[in-house]
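Chemist: let's see this in three dimensions:
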Amino acid sequence: MAEEDLQRFLLKVQQLNALVSSLDAEPERRRQLAACSDHNAVVQLAHSWGYNIGRRWGEPSVDAPRSSNLLIAAPAAAGHEIEEELCSGRDWRLVRISSNGANSPDGFWYEQKDHEWLTLLKGSARLRLDDPEEWVELSVGDQLILPAGRRHRVERTDVDPGTVWLALYWSGSPDDHPGQLNV
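Modeler: Residues are numbered from 1 along each chain as shown. You can find the predicted model right below:
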């Protein structure tokens, strides 16, 4: 084994040992790790915690691309959400949101300056809209457009393995979107 490969191997062992120690100190991490379905999900989750365990011995040194699978995301802690901006432009941004039994705090309403289109990729959710008051149940594949300023709140998302949303935010006219998806 070349010295460079030996050093890479020892660094990976060090990272794995530190990761294992963190599981003892933070039981929620152990639950999240157990929920991973494959090696890539484990590597991505460990990376989100600051551990570099992805490279195998003998692999060339390259930057790993971000996962292109929208359904593989680090699970949020119970009662929380994690937002990840996937891409953006001057007047828009595309965000993946992973929710785990999350809901808006009592009395809190979203009232955004941007328009929002959303769809569910996994799980289900219940939203409450204001003015006029409406309740919206969403399942996988359902989509909704919320014009800028439309007050809304999240009443419920699925618990582990959670709900995965895809949300597009944009400024300008609410009609600047493909198709008529308004509720």
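
Chemist: pretty sure V95 is in a strand, no?
Modeler: Yes. Under DSSP: H, G, I helix; E, B strand; the rest coil, V95 sits within a strand.

Chemist: isn't it right up against Y169?
Modeler: Yes. With contact defined as Cβ atoms under 8 Å, V95 counts as touching Y169 (7.0 Å). Bear in mind the C-beta positions are built from the backbone N, C-alpha and C, glycine included.

Chemist: and these two? which has more neighbours close in?
Modeler: More neighbours surround Y169 than the other of V95 and Y169, with 20 against 17 (other Cβ atoms under 10 Å).

Chemist: which ones are touching the nearest residue to that one once chain neighbours are set aside?
Modeler: Leaving out its chain neighbours, the residue that sits closest to Y169 by Cβ to Cβ, 6 or more residues apart in numbering is D114, at 4.2 Å. By Cβ atoms under 8 Å, 6 or more residues apart in numbering, the residues touching D114 are 148, 169-171.

Chemist: of those residues, which belong to strands?
Modeler: 169-170 (DSSP state E).

Chemist: of the contacts of D114, just say which sits nearest to S21.
Modeler: Using Cβ to Cβ, Y169 is the member of the contacts of D114 that lies nearest S21, at 39.0 Å.

Chemist: confidence score at that closest one?
Modeler: Predicted confidence (pLDDT) at Y169: the value is 96.

Chemist: E116 is in contact with that one, correct?
Modeler: Yes. Taking Cβ under 8 Å as the definition, Y169 is a contact partner of E116 at 5.4 Å.

Chemist: and the contacts of D114 as CSV, adding distance to L86?
Modeler: What follows is these, written out as CSV (distance: Cβ to Cβ, whole Å):
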residue, distance to L86
A148, 21
Y169, 12
W170, 14
S171, 18
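
Chemist: start to end distance for stretch 127-134?
Modeler: Taking Cα to Cα, to the nearest Å, stretch 127-134 runs 8 Å from one end to the other.

Chemist: cool, stretch 76-94 as well?
Modeler: Stretch 76-94: ends 19 Å apart by Cα to Cα.

Chemist: rounded mean pLDDT for it, please.
Modeler: 90.

Chemist: now do it: distance to the chain's middle.
Modeler: Using Cα atoms, centre = their mean, to the nearest Å, the distance from the centre of stretch 76-94 to the centre of the chain it belongs to is 7 Å.

Chemist: do the same with stretch 10-17
Modeler: Chain-centre distance of stretch 10-17: 27 Å, with Cα atoms, centre = their mean.

Chemist: list the buried ones in that stretch?
Modeler: 12, 15 (16 or more other Cβ atoms under 10 Å).

Chemist: how about that stretch as PDB, C-alpha atoms only?
Modeler: Only the C-alpha atoms of stretch 10-17 are listed here, as PDB (Å, rounded to 0.1, in the frame of the first residue of the first chain):
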ATOM      1  CA  LEU A  10      -6.200   6.000   8.500                       C
ATOM      2  CA  LEU A  11      -8.100   9.300   8.000                       C
ATOM      3  CA  LYS A  12     -11.200   7.400   7.100                       C
ATOM      4  CA  VAL A  13     -10.900   5.100  10.100                       C
ATOM      5  CA  GLN A  14     -10.400   8.300  12.300                       C
ATOM      6  CA  GLN A  15     -13.600   9.800  10.700                       C
ATOM      7  CA  LEU A  16     -15.600   6.600  11.300                       C
ATOM      8  CA  ASN A  17     -14.500   6.400  14.900                       C
END
